[in-house]
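**Student:** Predicted model and sequence follow; I will ask about them next.
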Amino acid sequence: MDTRRWRDVDWAIIGSVVVLLVFGGLALHSATLNAVAGNGLPLRPIFERQLIYIVVGLIAMVAMMVFDYRLLSSFARPLYIGIVCLLAAVLVIGRVSEGARSWIAIGERTFQPAELSKLVLILALATYWQRYADRGGSWSVQAGGLVIAAVPMVLVFVQPDLGTALVMASIWLAIAWGGGMHLSQLGLLFAAFIPFAWVAWHYVLDDYQQVRLSTFYYLLTNPAAVDFNAAYNVIQALNAISAGGLTGAGLTRGLFSQGNYVPVQHTDFIFAVVGEELGFIGGIVLIVFLAILLWQTITVAAKARDQFGRLIALGVFGMLFSHTLINLGMNMSLLPVTGLPLPFVSAGGSFMVTTLAAVGLVQSIHMRHRQIAF
């Protein structure tokens, strides 16, 4: 790789990621300091493993930066077929955890193929729409892209993992729009959502998923009718955030965070730890750096020198945006609980490595957005 490429590194993205990783490290340190799992075991080893995952993820990010993203289009089809087969295998041999069969055991470690599938889906859809760039908005091309996205989405949904399926839908929508989707097609999509939602509610969603959605509805419309046990996670997260006030209780000093009141505060509800211990100011700073990262990703898409790079950047934006929006929304009771981690902050090895690799891919696009003169 020509060393002159490194002059075009987007340092705003690098800086944002570093700040978010520091936020995540501090929040996870506090979240696991005194917390115990449902079986009574301490959660401290999760923090120690996360440090290893961050190092592995940073290596993956640098590797993707060095690699020319344009070469990935030739690998998109075999990667897509491979990940679909892996997702299908998870349904048969996968390990069940918290009601979802989403993990494959590799020795003493577990791997979540659904996380890798998001990155593969981005490459597959970008390759597809690049091939049909001259008629990307046609109904047939749009339908073909939907089918490509639907296969892994369905396999993930039946694990069941509704949150990741929603992220995949966001990836598809971002790339489909960038590929030429018309407003009429978008309108038809939203119109079709109503009967689909009815069918999903009555025949597809599990009981616990229905409880989550109904609990969210009652929290918004009639809090007095809410089942406390069903809404326990959200209520405790709101209590923790509100207790933080403007400046927070201080790192490792939160009553709710250190008292083991907020379930899964190391993953889904990590923002509650930030809100309680670093306060409103800390929460805003975290959101600002997430917004900077998202904005810069869109900027890279606008600068990309080809359709493939532009669509990849849009897909990564869709992935990061949906994770951020849904996680923050469920922490503040603005969206239903779906079990999605916060990028670079929540614990999770597969998610951390995949997300950092995705950022490296965006950097690869930015580093090659202009022709080097010889």
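**Tutor:** Ah, there it is.

**Student:** which element is Tyr53 on?
**Tutor:** In this structure, Tyr53 is located in helix 44-66 according to DSSP states H and E.

**Student:** Residues contacting that helix, please?
**Tutor:** 1, 9, 17, 21, 24-25, 28-29, 31-33, 266, 347-349, 352-353, 355-361, 363-364, 367 (Cβ atoms under 8 Å, 6 or more residues apart in numbering). In short, each C-beta sits where N, CA and C put it, glycine included.

**Student:** Mind giving me the PyMOL command for buried ones among the residues you listed?
**Tutor:** Only the buried entries of the contacts of helix 44-66 go into this PyMOL selection, using 16 or more other Cβ atoms under 10 Å:
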select buried, resi 17+21+24+25+28+29+31+32+266+347+348+349+352+353+355+356+357+358+359+360+361+363+364+367
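
**Student:** Now tell me what touches stretch 122-134 from outside.
**Tutor:** 72-73, 75-77, 79-80, 136, 138, 141, 144-145, 148-149, 171-172, 175-176, 178-180, 306-308, 311-312, 315-316, 319, 358.

**Student:** Try it again at 6 Å.
**Tutor:** Residues outside stretch 122-134 that contact it (Cβ atoms under 6 Å, 6 or more residues apart in numbering): 72-73, 76, 80, 136, 141, 145, 148, 171, 175, 179, 307-308, 311-312, 315.

**Student:** Counting neighbours, which bits of it end up buried?
**Tutor:** Neighbour-count burial for stretch 122-134 flags 122-130, 132 (criterion: 16+ other Cβ under 10 Å).

**Student:** And stretch 9-23, by the same measure?
**Tutor:** The neighbour-count check on stretch 9-23 (16+ other Cβ under 10 Å) flags 10, 13-14, 16-17, 19-21, 23 as buried.

**Student:** Same question for stretch 257-268.
**Tutor:** Of the residues in stretch 257-268, 257-258, 261-268 count as buried by neighbour count, 16+ other Cβ under 10 Å.

**Student:** Distance across that stretch, terminal residue to terminal residue?
**Tutor:** One end of stretch 257-268 to the other measures 13 Å (Cα to Cα, to the nearest Å).

**Student:** in the stretch 1-150 of the chain, which spans are helices?
**Tutor:** Taking DSSP state H, counting those that start in this stretch as the test, the helices found in the stretch 1-150 of the chain are 11-31, 44-66, 76-93, 113-131, 139-157.

**Student:** Give me the contacts around whichever helix or strand comes after the last one.
**Tutor:** It stands for helix 139-157. Once the chain leaves helix 139-157, the next helix or strand it forms, by DSSP H and E, is helix 162-179. Under the criterion Cβ under 6 Å, 6+ apart, residues 114, 121-122, 125, 129, 136, 145, 149, 153, 156-157, 311, 314-315, 317-319, 322, 338-340 lie in contact with helix 162-179.

**Student:** which residues sit against whichever helix or strand comes after helix 162-179?
**Tutor:** Downstream of helix 162-179, the first helix or strand assigned by DSSP H and E is helix 183-199. Applying Cβ under 6 Å, 6+ apart, the contact partners of helix 183-199 are Gln142.

**Student:** Measure how far helix 183-199 is from the centre of its chain, please.
**Tutor:** With Cα atoms, centre = their mean, to the nearest Å as the basis, helix 183-199 stands 24 Å off its chain's centre.

**Student:** ditto for stretch 172-191
**Tutor:** Centre-to-centre, stretch 172-191 and its host chain are 21 Å apart (Cα atoms, centre = their mean).

**Student:** Show me which residues of that stretch are buried.
**Tutor:** Neighbour-count burial for stretch 172-191, counted by 16+ other Cβ under 10 Å, picks out 172-181, 185.

**Student:** quick one: average pLDDT of it?
**Tutor:** The pLDDT scores in stretch 172-191 average 92.

**Student:** Could you work out the end-to-end span of that stretch for me?
**Tutor:** 17 Å.

**Student:** Isn't Ile292 up against Val17?
**Tutor:** No - with contact defined as Cβ atoms under 6 Å, Ile292 does not count as touching Val17 (10.0 Å).

**Student:** sorry, back to before: which two among the contacts of stretch 122-134 are spaced furthest apart?
**Tutor:** Maximum pairwise distance among the contacts of stretch 122-134 (Cβ to Cβ): 20.6 Å, between Leu72 and Val141.

**Student:** ranges for the helices of the stretch 201-350 of the chain?
**Tutor:** 207-221, 232-243, 255-258, 270-303, 307-331, 349-367.

**Student:** got JSON lines for these, with distance to Phe193 and mean pLDDT too?
**Tutor:** Converted to JSON lines, these look like this (distance: least, Cβ to Cβ, whole Å; pLDDT from 0 to 100):
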{"stretch": "helix 207-221", "distance to Phe193": "14", "mean pLDDT": "80"}
{"stretch": "helix 232-243", "distance to Phe193": "24", "mean pLDDT": "92"}
{"stretch": "helix 255-258", "distance to Phe193": "36", "mean pLDDT": "91"}
{"stretch": "helix 270-303", "distance to Phe193": "24", "mean pLDDT": "97"}
{"stretch": "helix 307-331", "distance to Phe193": "16", "mean pLDDT": "97"}
{"stretch": "helix 349-367", "distance to Phe193": "27", "mean pLDDT": "96"}
